[in-house]
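Chemist: Here's a sequence, model it:
(chains A and B)
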Amino acid sequence: MGEIATGLLALAGSLLVVLAGIGILRFEDVYARMHAATKASTLGIALIGAAGVLALDDDRAKIFLAVTFIFITAPSAAHLVGRSAYHAEGIEIDLEGQDDLGAMLDERTTSPEGDAQGA
Amino acid sequence: MIIAALALLTVGGACFLARAIIGPSLADRVVAIDALVVTIVAAIFVNSIRIDSTKFADVGVVVAFIGFVGTTAGARFIERRGG
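Modeler: As a prediction, the model looks like this:
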């Protein structure tokens, strides 16, 4: 019983990682690829960590630690990459309404003291 | 089932590696390598289940940490280099 649950959880997690891989190959621009890669693989590793905690007897805390760490850092890393990609790659997106990040970055690049503290 | 999970993780890792090679932009590569590191951690844990030992759990924790530091450094590099 426990073995079947472990296998199913590991299989579901790996399936999510494969879906993330398909998404990162097929989507159009950086933001869509980031959306596929970060969300799906975070849930995938959560399921695999659950399988590991079920199956293994000792040192479960290390698996829990690694999964929690990825849960905390994956969104912030994606946020950093998205922000710098918007800044650097100049990807066109159609927004309804106001572009706050673009306005902020323009202000920083045009003002003289912005360059000193920036980047 | 554990072997099938490892095979699926290999397929996913190959997809991420292909995107990291073909790019086209630097941000694509950074995102792909971040996801590849997460896949490696997942493979380490699935392999721990397969061999029924937690010898490699420490490696998973450290690889997750190094991956975050690397992605952050990559993002800073994109922002500074501007392209």
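Chemist: CA atoms for contacts and neighbours, from now on please.
Modeler: OK.
Chemist: measure the most centrally placed residue in chain B to B:Asn47 for me?
Modeler: Residue closest to the average C-alpha location in chain B (CA atoms, centre = their mean): B:Val37, at 1.5 Å. To B:Asn47, B:Val37 is 15 Å away according to CA to CA, to the nearest Å.
Chemist: same thing with A:Ile72?
Modeler: A:Ile72 sits 24 Å away from B:Asn47, going by CA to CA.
Chemist: So which of these two has more stuff around it?
Modeler: Comparing A:Ile72 with B:Asn47 by neighbour count (other CA atoms under 10 Å in any protein chain shown), the higher total belongs to B:Asn47, at 20 against 12.
Chemist: Could you find the closest non-adjacent residue to the more buried one?
Modeler: For B:Asn47, ignoring the flanking residues on the chain, the nearest one in space by CA to CA, 6 or more residues apart in numbering or on different chains is B:Leu6 at 7.6 Å.
Chemist: ok, A:Asp57 - how many residues close by?
Modeler: Neighbours of A:Asp57 under the rule other CA under 10 Å: 11.
Chemist: anything in the worst-scoring helix or strand of chain B on mean pLDDT near chain A?
Modeler: One helix or strand of chain B scores below all others by mean pLDDT, DSSP states H and E: helix B:57-81, with a mean of 90. Yes: using CA under 8 Å from any CA of the partner chain, helix B:57-81 reaches chain A at B:57-58, B:60-61, B:64-65, B:68, B:71-72, B:74-76, B:78-81.
Chemist: before we move on, which element is residue 37 in?
Modeler: With no chain named, the answer covers chain A. Taking DSSP states H and E as the definition, A:Ala37 sits inside helix A:30-55.
Chemist: my bad, chain B
Modeler: In the assignment (DSSP H and E), B:Val37 maps to helix B:26-51.
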